[in-house]
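# sequence-free structure coming up:
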């Protein structure tokens, strides 16, 4: 029988329960995806109450607009081998799962525009030309944080890039609701990070974001 008091004691000495609504995501998209090149997008932004400040998308907004994210899973690839009369599984590789994120859509369609531009740096939709990996990949830092906002587990996706943009549905029957955008990412591998490593990676990402935004502003 489960002893509630012992369970509470175990949870207490381990700092409490991890909750699924306490997380942070940091990454710096390629510079090309940060510029709103379509004048129609800018006109739409002005019509919806936005300002000309949206000429360049600020990647620091990504953390705030990220609604859900999943830490990647990992599975061991095995092959069957028969020894005598017994069949055994022999490991030979591992596979990391793709990572899915859901973002809140605002009236300027910031996240959709950003990922449309980013995807075009991976494969150009007009020329079908594949871009250089260094130009479309970035590291993504995912953190589970505690009630004080301190990372308790960090995971970094190495050389990540979007591979699919989810559909956005509309309905004249259902009552109005907020729109979300789901993005799936591929990457080379993921590495676990401790508190110091994760804070360092997140700080580096933020500095890259600020520098990219400043460089784009200088070029206007």
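Yep, that arrived. Model, not experiment: these values are computed from the prediction. Residues are numbered from 1 along each chain as shown.

# How about the secondary structure of residue 10?
helix (DSSP: H, G, I helix; E, B strand; the rest coil).

# Look at it and say how many residues are nearby.
The number of residues packed around residue 10, counting by other Cβ atoms under 10 Å, is 10. C-beta here means a position set from N, CA and C on the backbone, and glycine is covered the same way.

# Show the pLDDT at it.
pLDDT, residue 10: 89.

# Check the gap between it and residue 127 for me.
As for residue 10, its distance to residue 127 is 58 Å (criterion: Cβ to Cβ, to the nearest Å).

# what's the strand or helix carrying residue 62 in contact with?
Assigned by DSSP states H and E, residue 62 belongs to helix 61-65. The contact list for helix 61-65, computed with Cβ atoms under 8 Å, 6 or more residues apart in numbering, reads 24, 25, 26, 27, 29, 103, 104, 106, 110, 111, 114.

# now do stretch 141-157
Stretch 141-157 is contacted from outside by 15-16, 18-19, 22-27, 69, 71-72, 99, 139-140, 185, 187, 190-195, 197-199, 201-202, 205, using Cβ under 8 Å, 6+ apart.

# Okay, and which of the residues you listed map to strands?
23-27, 69, 99, 139-140, 185, 190-193 (DSSP state E).

# just to revisit the earlier point, make TSV from the contacts of helix 61-65 and add pLDDT to it.
What follows is the contacts of helix 61-65, written out as TSV (pLDDT from 0 to 100):
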residue	pLDDT
24	90
25	93
26	90
27	91
29	87
103	96
104	94
106	89
110	87
111	90
114	89
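
# Mind giving me the ChimeraX select for the residues you listed, buried ones only?
Restricted to buried positions by 16 or more other Cβ atoms under 10 Å, the ChimeraX selection for the contacts of helix 61-65 reads:
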select :24,25,26,27,29,103,106,110,111,114
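
# Out of the contacts of helix 61-65, which is nearest to residue 132?
Closest to residue 132 out of these is residue 29 (15.4 Å), distances taken as Cβ to Cβ.

# Thought residue 114 was touching that closest one, still the case?
Yes: with contact defined as Cβ atoms under 8 Å, residue 29 reaches residue 114; the gap is 6.2 Å.

# from the chain's centre, how far out does the helix holding residue 62 sit?
Its chain's average C-alpha position is 10 Å from that of helix 61-65, according to Cα atoms, centre = their mean, to the nearest Å.
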